[in-house]
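> let's see this in three dimensions:
(2 chains, ligands or ions: 4)
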Amino acid sequence: MGYLAKLRVWRGDKSGGQLVDHSVEVSEGEVVLDIIHRLQATQAPDLAVRWNCKAGKCGSCAAEINGRPRLMCMTRMNTFAEDEEITVTPMRTFPVIKDLVTDVSFNYEKAREVPAFDPPKDLAPGEYRMAQVDVQRSQEFRKCIECFMCQNVCHVIRDHEDNKEAFSGPRFLMRIAELDMHPLDQTDRKNMAQEEHGLGMCNITKCCTEVCPEHIKITDNAIIPMKERVVDNKYDPLVWLGRTITRRKSD
Amino acid sequence: MSQIERHQYDVVIIGAGGAGLRAAIEARANGFKTAIICKSLFGKAHTVMAEGGIAASMGNVNSNDGWKVHFRDTMRGGKFQNQWRMAELHAKESPDRVWELETYGALFDRTDEGKISQRNFGGHEYPRLAHVGDRTGLELIRTMQQKIVSLQQEDFRESGDYDARMKVFAELTVVEILKTDGKVSGVLAYYRETGEYVVFEAPAVVLATGGIGKSFKVTSNSWEGTGDGHALALRAGGNLMGMEFIQFHPTGMVWPPSVKGILVTESVRGDGGVLKNSEGRRFMFDYIPAVFKDKYAETEEEADRWYTDADNNRRPPELLPRDEVARAINSEVKAGRGTPHGGVYLDVSTRLSADVIKRRLPSMWHQFKELADVDITLQPMEVGPTCHYVMGGVQVDPDSGAATGVPGLFAAGEVAGGMHGSNRLGGNSLSDLLVFGRRAGVGAAEYVKNLGARPSVPDSEIDRALAIANAPFESNGEENPYALHAELQQMMNDLVGIIRDEAEVQEALDKLEVLKERAAKVKVAGTRQFNTGWHLALDLWNMLLVSEAVAKSALERKESRGGHTRNDYPTMDANWRKWNLLTKWNGKNVELIKEENPLMPRELAELFDVEELKKYLLPEELEQLGMGGH
Ligand SMILES: Cc1cc2nc3c(=O)[nH]c(=O)nc-3n(C[C@H](O)[C@H](O)[C@H](O)COP(=O)(O)OP(=O)(O)OC[C@H]3O[C@@H](n4cnc5c(N)ncnc54)[C@H](O)[C@@H]3O)c2cc1C
Ligand code: SF4
Ligand code: SF4
Ligand code: FES
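Ligands and ions are numbered 1, 2, ... in the order given. Reported below is the predicted structural model:
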């Protein structure tokens, strides 16, 4: 049942690069990352690729497969025809380091700019009481494995490098929503997303939600509710639009 | 040496998993400038993969729980081989460490009263594992990561520099620990991205490098599990302890081949999943060992009642400690009662509704659906043993994490030995990381406080380490690191795997000598920039060293206990509990030392029935405890 797959892998670094054609053996049940590893072990020992868990849990192995952001370890080879050409390229929004590895430090910088969880000062460890229904909303966002594919696909930064300064991207807008919905967080985060993290630049295209491997409803459950909370939200026509296409969760 | 990048820190922590991050928080809290070094990006360490939960006797679900019960379970699970002092500290301190996570922002699943929910797990008498669905490790790593960021934000507010007191160096790999006059003086590392070398000068180094699973073919571990810390400690003059004890988790995926070994969390069984052979029999009832006879249900009816009424029924044998379940599965498959792909069936589909399965075991549902085309709400899973965890590790002082014999070196987490004895209970690792991570942070801080002059790093020491790092480029051999790694993994799986015997382990040791010679001839091409072949060539040395320690120890221990099963010595022997097997590096080979395993004090021994103690201890040991009378 083995066959030879036609693989085109981007090879290069900061100074440029090109797609290189390979034909690599595939056996039953394998994922794209297996094929990349076989390529590494047999034909291209210095091919750079990030991965850790090979189980969809760490979010290290994101790349673009036929132009779509995917986790390589969760993309089965049998989703492609045997004679189909499979093109693997690095995430486009982040600067290339080498081959499939990109510089994702943008995300770590943005993470640092979100003020941390702010617990009640007088509540001793062990005394925290929260109902399951109240933690559930933030728990959905905490499923994030930081693959940064939503960041990669969001057109606000994908197509406009200059926006990176003002826009934190869906992953970190969602982090603000997560803390805002934390039952015990003390910081007022209402306008933070809008004023400091570029919430207003998001026009609810939902591309981020579509690529999320954890199936987190980033737009519906994090971004739109936050837009609604922003004080002068009535002036944002997109919120109205978002409301009509998503059924609002009762608060 | 002037061209090499240099940094000065008080404490260098190698590893950004649960143990390393907790150690870092503590070292900084003690006022020390702390560096955290990790091979991967920040937030990706292997801890992220932990699923089922973190064990702490908070008593939120069953108020009968407490540290004494947890201590007892831990010692039983480890077959009394544990360093009792570590098991004691762990049982006492883990509730505080879990509660502390909530103050960092963790959101565990809740009980109806709004407390942290706790679930059942193998070997734990009461529901004890705090959890978030089946992604507890992700919650732990993200919480710690965000805590580190919050401390960096504090430092930023104070000094305008996020990294002023604590800096994360990601995608940086430590090659060697540097020593000056017998004491730790720093480390040599390389950046993955550029291949550039960097020297950290630091009087204290904490190893928090995790496990060794990547030496085995079938494993649940991520690529980082190459035993670097174990090997670094050996080369620095430290001891490894108990390396024969390796946990094969009973339930790894067995199909398709490319995912073989990926973990199927024990919560599947804790939540009601049952194991069946190809004849449809719940075979675990046939494998309850004598030491556990009175603690597990003997009929399916009783076992099933336990899920709703744990106080009046005994637990199902699917929840026996991992070593028992793994061996049972192995025997069923060998007896020809396995599945088509060489495992057994694990079924929740007939036990829980589809909704409950998707809510309680979301990532398992996801994993089987996406990787094996199996819908676990409708079909059973096929599972078999996978190399999961190493109980053995760096010999440390239980209270401070100080590595025996190497001043300035500390170890915590999976890389440290002793806490789990011959077998670790599920959930006891995440709590171990926090309890002993924190303690190693304090230990390192105390050490630095009491140190007179800081050791400086002589160029000769840097040259020695650089020679190790550069060797794969300068070799004139032809060996391919990927091929050698595959051979090593197959060999360890076949010869030093779940069931061992003298001839096979001896054969493994012979083969290791040949592999070591061949590893010296590994040649890598290209430059040092993000060169995965070179990284593997260096990791390979570590895996070989660790594998030798495993095989040497496994050959010596002539009994079966926990994660060490000998076909030729199939029973547990109390004479062997007395001994810890230590391994040491002499520059060419791993050497073995037998050291006496200290006996727990009477007040802890009294937590057990004398009858139970008799199963594990020698008559003269009971005498010594003053508990030998009849
Ligand atoms: C699939 C799976 C599920 C599990 N589930 C559970 C569970 O439910 N409950 C439980 O208690 N335990 C569980 N465990 C066990 C537990 O997850 C691990 O034992 C634990 O996470 C190890 O943590 P650590 O901090 O010791 O090291 P790791 O998290 O393994 O981190 C090691 C760190 O060291 C770094 N490092 C290693 N070598 C070097 C080097 N040379 N230079 C620089 N950095 C280096 C790595 O980059 C990494 O940051 C599970 C394990 C697996 C594999
Ligand atoms: S919904 Fe908003 S954040 Fe998400 S991709 Fe579209 S613009 Fe970006
Ligand atoms: S929200 Fe989803 S897509 Fe975005 S980083 Fe997290 S897991 Fe990845
Ligand atoms: S390797 Fe971890 S998500 Fe793919």
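> in the stretch 201-350 of chain B, what residue comes closest to ligand 1?
Closest approach between the stretch 201-350 of chain B and ligand 1, counting by CB to the nearest ligand atom: residue B:210, at 2.2 Å. Any C-beta I mention is one placed from the backbone N, CA and C, and that applies to glycine too.
> pull the number of nearby residues for that residue.
The local packing of residue B:210 (other CB atoms under 10 Å in any protein chain shown) involves 33 other residues.
> tell me the contacts of it?
Neighbouring residues of residue B:210 by CB atoms under 8 Å, 6 or more residues apart in numbering or on different chains: B:15, B:17, B:19, B:45-47, B:221, B:224-225, B:229, B:413-415.
> and it, which of the three is it?
Secondary structure, DSSP: H, G, I helix; E, B strand; the rest coil: residue B:210 is coil.
> so what's the nearest residue to residue B:409 once chain neighbours are set aside bridging to?
Excluding the flanking residues, the one nearest residue B:409 by CB to CB, 6 or more residues apart in numbering or on different chains is residue B:403, at 4.1 Å. Taking DSSP bridges as the rule, residue B:403 bridges to residue B:396.
> got the confidence number for residue B:403?
According to the prediction, residue B:403 has pLDDT 98.
> OK, contacts around it?
Listed by CB under 8 Å, 6+ apart, the contact partners of residue B:403 are B:207, B:233, B:236, B:238, B:239, B:394, B:395, B:396, B:409, B:410, B:411.
> you'd agree the first one is up against residue B:406?
If I follow you right, that is residue B:207. No - look at residue B:207 against residue B:406 with CB atoms under 8 Å: they stay out of range, at 10.1 Å.
> quick check: neighbours shared by those two?
Common neighbours of residue B:207 and residue B:406 (CB under 8 Å, 6+ apart) are residue B:233.
> so which of these two has more stuff around it?
Set residue B:207 next to residue B:406 and count neighbours by other CB under 10 Å: residue B:207 wins out with 34 against 21.
> from ligand 3, how far out is the more buried one?
30 Å (CB to the nearest ligand atom, to the nearest Å).
> return the residues in contact with the nearest residue to residue B:216 once chain neighbours are set aside.
Nearest residue to residue B:216 in three dimensions, chain neighbours excluded: residue B:387, at 3.9 Å (CB to CB, 6+ apart). Going by CB under 8 Å, 6+ apart, residue B:387 touches B:213, B:216, B:218-221, B:246-249, B:261, B:493, B:497.
> can you tell me the closest non-neighbouring residue to the closest residue to chain A within the stretch 251-400 of chain B?
Going by CB to the nearest CB, chain A is nearest to residue B:256 of the stretch 251-400 of chain B, at 2.1 Å. Using CB to CB, 6+ apart and skipping residues adjacent in sequence, the residue nearest residue B:256 is residue A:29, 2.1 Å away.
> kindly report the same for residue B:279.
Residue B:279 sits nearest to residue B:337 (CB to CB, 6+ apart), 5.9 Å away.
> what pLDDT is listed against the one you found?
So residue B:337 comes in at 95 (pLDDT).
> need the three-state assignment for it.
coil.
> from residue B:360, how far out is it?
Counting by CB to CB, to the nearest Å, the separation of residue B:337 from residue B:360 is 29 Å.
> verify the stated contact: residue A:54 with residue A:73.
Yes - at 4.6 Å, residue A:54 counts as touching residue A:73 under the criterion of CB under 8 Å.
> what is in contact with those two at once?
By CB under 8 Å, 6+ apart, the residues touching both residue A:54 and residue A:73 are A:33, A:61.
> which residues in the stretch 51-200 of chain A form strands?
A:62-65, A:68-71, A:85-89, A:96-98, A:101-102 (DSSP state E, counting those that start in this stretch).
> now the ones you listed in JSON lines, with distance to ligand 4 and mean neighbour count?
Putting the strands of the stretch 51-200 of chain A into JSON lines (distance: least, CB to the nearest ligand atom, whole Å; neighbours: other CB atoms under 10 Å in any protein chain shown) gives the following:
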{"stretch": "strand A:62-65", "distance to ligand 4": "8", "mean neighbour count": "23"}
{"stretch": "strand A:68-71", "distance to ligand 4": "5", "mean neighbour count": "21"}
{"stretch": "strand A:85-89", "distance to ligand 4": "13", "mean neighbour count": "18"}
{"stretch": "strand A:96-98", "distance to ligand 4": "17", "mean neighbour count": "22"}
{"stretch": "strand A:101-102", "distance to ligand 4": "13", "mean neighbour count": "22"}
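> now the ones you listed in a markdown table, with distance to ligand 1 and mean pLDDT?
Output for the strands of the stretch 51-200 of chain A, formatted as a markdown table (distance: least, CB to the nearest ligand atom, whole Å; pLDDT from 0 to 100):
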| stretch | distance to ligand 1 | mean pLDDT |
| --- | --- | --- |
| strand A:62-65 | 18 | 98 |
| strand A:68-71 | 17 | 96 |
| strand A:85-89 | 24 | 97 |
| strand A:96-98 | 18 | 94 |
| strand A:101-102 | 16 | 96 |
